[in-house]
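> Predicted model and sequence below, questions to follow.
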Amino acid sequence: MRFHLVAAPVILAVLWALALVQSLDFQFPNFTEAARKQLILSSNSYIAEKAIQVTPDSHGASMANMSGRVLYRWPFRLWSKGGKKASFNTTFVLNIKNMTPSSGEGLAFILTADRDVPVGSEGQWLGIVNPTLNGSMEARTAAVEFDTGKSFPDDLDDNHIGLDVNSVYSRTSVSLNGRNIYISSGNDIKVVVRYDGKNLTVFVGEDMDNPVLSEHLNLSSYLPEAVYVGFSGSTSNNTQLNCVKSWEFIGSEIKDSKLRWVWILVAAGSVLILLISTGIGAVFLHRKRGCKVDRLDDAYPNIDEAILRSSIAPRNYKFKELGKATGNFNRKNKLGKGGFGTVYKGILGNKEVAVKRVSKKSTQGKQEFMAEVTTIGNLHHRNLVKLIGWCHERREYLLVYEYLPNGSLDKYVFCDEKPVTQEATVLSWEKRLSVISGVAHALDYLHNGCMKRVFHRDIKASNIMLDSDFNAKLGDFGLARTIIRNEQTHHSTKELAGTPGYMAPESILTGRATAETDVYAFGVLVLEVACGRKPGGQTERDDYISNIVHGLWELYRRGTILEGADARLDGIFKKEEMERVLILGLACCHPNPNDRPSMKTVLEVLTGEAPLPDVPAERPVFMWPPKPPSFKEWDNSIIGDQLPPISELAGR
């Protein structure tokens, strides 16, 4: 009993410290009664059919002239008095269906200071404001409205979205008619809303490349420091069902309080004392019981909880299901082996899948498994391999992906790996250009399209998968790392991560991953796709065989860069296109990270919207640190004494 009396205040201190610094991060794949504890539901809102019913869904007079709100129970800190601003990324699925010949007003995603539904906010007011609050600073509400009624003269139509700030008169509105999306059709509609502290961007439907609405917006000018997030909706004499079927929200944290660090230090000190006092007992019990600890499980004892908090999309499969799907991991279903596990083909239902089984002997497998699920599980792009599910059971770690019948890109671009009987499968120049463009779009999304920027850290031909139409999809996120925008420029590690030949010279020296190191690896990929050759090692020898970058730069210096084109193409390509791609690859592989183009620029060059970057005839000598500095900080503490094995060239 004495142990519990000592531990109780320590635990309370820890919880309080965590509460001060945690960001808002939650996910509802659907809504059950258990979700009610985490939500604030107005009197007209409830949970039914595994969805939030923002306004009543029963037939009859009770559906007319109603307004409702559903909010997450805990507020989100949007900005600080120190001038810092939070960012957030939220994804939800709406289902709005007409119950009368004409639509019944609409639904909105809101950020608000007030938990209560304003009195008189039914009808055209969408539960956001009422006539008194409309247009006043007292409203303290911002909303993305999905309007299904032309309630005001300035409304575009009865099928548009709008950005509202303290008013239902939208600052910006966009009709969805041209996108073939109809809000009140009764179909599920996926919506993504992103805010980076300066701009609010909205995507509707499956197209994550083209936002429907993007507006510069400083929410701290209109909303208080802490706000609630959720949904509001309304009906008029015309009615509709206003449902939210799933919801995920990821918000960054703001750290600027000195008091917070006091609490953290107090809590940490208390925990340290507790660990010292109880550690001896734990070791004693461990030895007494003679238990064997699996090192793979030590680092993340709550792996299931961590994954479930980090991703809404992937499904948690049972080991028995995946065993049955792959014929108990039969050798005949083996697709490949590399990195940290073996990949098997399987059948789940009527769908073909690829199941990666992490090797129990792998020392890095657990960390890579966690990185893969928590990173790619939150990403959605047509040029990224889709993660369908995962399994952590019986000390096994498995990942389930979409099955891509044409396998990895390396099988088609390296001439020394192609049997003579498969010459017909050599990729045409058009397909190669499509592959390069697809990977560029994927990287631009990772660097610029996500709320948390993602560094892939292992871009190579064996990690590019091809679907039935040879469209490229970037996979294998085992080494990927995410960083919070506006607060970090890089990821540091004591572990040398990547593959020889694809690693930027500065990453080998510093152990840092940046957008620029990903661009370097992409440049190497571009060169090998165009030339049909492996990249070679990281040597300073200027011969073509040992290093593709050095070899191509020498051809460029001589004015004969087209000699580097893959001979198997038989010259069937446009010379200006090939030359443009090869020079772009060299630009991405510039030794100075400051001189490499961004992925946005790369895409503009590929589409002809921007000129090629300047590439010197002589390859510059690598110098560190570069001038001007590439990073905000630089020190030697990130150089480790021991380095783990580097990724192999083989696919995983």
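Looks like it came in fine.
> Phe88 versus Asp25, what's the distance?
10 Å (C-beta to C-beta, to the nearest Å). Where C-beta positions appear, they are placed from N, C-alpha and C, glycine not excepted.
> Apologies, that question was intended for Ile52.
Distance from Ile52 to Phe88, by C-beta to C-beta: 19 Å.
> With Ile561 instead?
Look at Ile561 and Phe88: by C-beta to C-beta, they are 46 Å apart.
> coming back round to it: counting neighbours, go ahead and name the busier of Asp25 and Phe88.
Phe88 (22 against 14; other C-beta atoms under 10 Å).
> what residues are up against the closest residue in space to the more buried one that isn't next to it in sequence?
Excluding its sequence neighbours, the residue lying closest to Phe88 (C-beta to C-beta, 6 or more residues apart in numbering) is Gly251, at 4.0 Å. Taking C-beta atoms under 8 Å, 6 or more residues apart in numbering as the contact definition, Gly251 lies against 23-25, 76, 86-89.
> Equivalent analysis for Leu398, please.
By C-beta under 8 Å, 6+ apart, Leu398 lies in contact with 317, 319, 322, 355-358, 390-392.
> which of these count as buried?
By neighbour count, with 16 or more other C-beta atoms under 10 Å, the contacts of Leu398 hold 317, 322, 355-358, 390-392 as buried.
> all helices for the stretch 451-600 of the chain, in order.
For the stretch 451-600 of the chain, the helices defined by DSSP state H, counting those that start in this stretch occupy 505-510, 515-531, 548-558, 575-588, 599-606.
> Keeping just the C-alphas, turn the third one into PDB.
Translated: helix 548-558. Presented in PDB, the C-alpha positions along helix 548-558 are these (Å, rounded to 0.1, in the frame of the first residue of the first chain):
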ATOM      1  CA  ILE A 548      26.100   7.300 -62.200                       C
ATOM      2  CA  VAL A 549      26.100  10.900 -61.000                       C
ATOM      3  CA  HIS A 550      29.800  11.400 -61.700                       C
ATOM      4  CA  GLY A 551      29.600   9.600 -65.000                       C
ATOM      5  CA  LEU A 552      26.700  11.600 -66.300                       C
ATOM      6  CA  TRP A 553      28.300  14.900 -65.200                       C
ATOM      7  CA  GLU A 554      31.400  14.000 -67.200                       C
ATOM      8  CA  LEU A 555      29.200  13.400 -70.300                       C
ATOM      9  CA  TYR A 556      27.400  16.700 -69.700                       C
ATOM     10  CA  ARG A 557      30.800  18.500 -69.500                       C
ATOM     11  CA  ARG A 558      31.800  17.000 -72.800                       C
END
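> So Ile436, which state does it fall into?
Three-state call for Ile436 (DSSP: H, G, I helix; E, B strand; the rest coil): helix.
> That one and Asn471: what is the separation?
For Ile436 relative to Asn471 (C-beta to C-beta), the value is 12 Å.
> what about those two, which has more around it?
Neighbour tally, Ile436 and Asn471, criterion other C-beta under 10 Å: the higher count belongs to Ile436, 22 against 17.
> how near is that one to His447?
For Ile436 relative to His447 (C-beta to C-beta), the value is 16 Å.
> Where does pLDDT dip in the stretch 251-400 of the chain?
The model of the stretch 251-400 of the chain has pLDDT under 70 over residues 255-313, 338-340, 360-368, 371, 374-378.
> how about 80 then?
Confidence mapping of the stretch 251-400 of the chain against pLDDT under 80 gives the ranges 253-314, 337-341, 359-380, 394.
> would you list every one of the helices in the stretch 151-300 of the chain?
For the stretch 151-300 of the chain, the helices defined by DSSP H, counting those that start in this stretch occupy 258-289, 295-298.
> okay, now Leu509: neighbour count?
For Leu509, using other C-beta under 10 Å, the count is 13.
> how far away is it from Pro591?
For Leu509, the distance to Pro591 (C-beta to C-beta) stands at 11 Å.
> burial of Thr425, as a residue count?
Thr425: 12 neighbours (other C-beta under 10 Å).
> Asp410 now?
19.
> Same check on Met208?
The burial count assigned to Met208 is 16, neighbours taken as other C-beta under 10 Å.
> Return the subset of the buried ones among the contacts of Leu398 lying in helices.
Counting by DSSP state H, the part of those found in helices is Leu322.
> Where does the residue nearest to His381 when sequence neighbours are not counted sit: helix, strand or coil?
Excluding the flanking residues, the one nearest His381 by C-beta to C-beta, 6+ apart is Tyr445, at 4.7 Å. What three-state DSSP gives for Tyr445 is helix.
> ok, now which ones touch Tyr445?
208-209, 379, 381, 383-384.
> about what we covered before: could you redo the buried ones among the contacts of Leu398 as JSON lines and give each row distance to Asp57?
JSON lines is the format used below for these (distance: C-beta to C-beta, whole Å):
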{"residue": "Tyr317", "distance to Asp57": "33"}
{"residue": "Leu322", "distance to Asp57": "38"}
{"residue": "Val355", "distance to Asp57": "40"}
{"residue": "Lys356", "distance to Asp57": "42"}
{"residue": "Arg357", "distance to Asp57": "44"}
{"residue": "Val358", "distance to Asp57": "44"}
{"residue": "Trp390", "distance to Asp57": "34"}
{"residue": "Cys391", "distance to Asp57": "36"}
{"residue": "His392", "distance to Asp57": "37"}
